[in-house]
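Student: Sharing a model prediction with you, sequence too.
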Amino acid sequence: MIREDEKLEFKREVSDSIIKEVIAFANTKGGTIIVGYNDDGSLYGLTDAKKDVDRISNKLHDSIEPNVDFLVNLKIQNEEGKDIII
């Protein structure tokens, strides 16, 4: 099982805390956020990953100045039959 560290953060679902994580990673050497995992590293999955990608993209675009869209790559991945966002 993978674990969180200074370059990896798990989020169970889309929330405003993603903004803080993106800013922190942008101000350091980068990192990866996986949405759809519990803090303990267990798979949770997302109900509507496509909608969640749009929500994340909009939150980032509307909340961070200067714009960091070019630093962020959002992709949906299926693991064990459940969608997650990396």
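Tutor: Nice, thanks for sending it over.

Student: all contacts plus neighbour counts: C-alpha atoms, from now on.
Tutor: Will do.

Student: Which residue, other than its chain neighbours, is closest to I56?
Tutor: V14 (7.0 Å; CA to CA, 6 or more residues apart in numbering).

Student: Just give me the neighbour total for the one you found.
Tutor: By the criterion of other CA atoms under 10 Å, V14 has 18 neighbours.

Student: thinking it is in contact with Y37, fair?
Tutor: No: using CA atoms under 8 Å, V14 is not in contact with Y37; the gap is 10.9 Å.

Student: May I see the buried residues of the longest helix along the chain?
Tutor: The helix spanning the most residues in the chain, taking DSSP state H as the definition, is helix 49-63. By neighbour count with 16 or more other CA atoms under 10 Å, helix 49-63 contains the buried residues 49, 52-53, 56, 59-60.

Student: any chance of the residues you listed in TSV, plus pLDDT?
Tutor: Below are the buried residues of helix 49-63 laid out as TSV (pLDDT from 0 to 100):
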residue	pLDDT
A49	98
D52	98
V53	98
I56	97
K59	94
L60	94
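
Student: could you dump those residues to JSON lines with distance to K29?
Tutor: Formatted as JSON lines, the buried residues of helix 49-63 follow (distance: CA to CA, whole Å):
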{"residue": "A49", "distance to K29": "27"}
{"residue": "D52", "distance to K29": "25"}
{"residue": "V53", "distance to K29": "23"}
{"residue": "I56", "distance to K29": "21"}
{"residue": "K59", "distance to K29": "22"}
{"residue": "L60", "distance to K29": "18"}
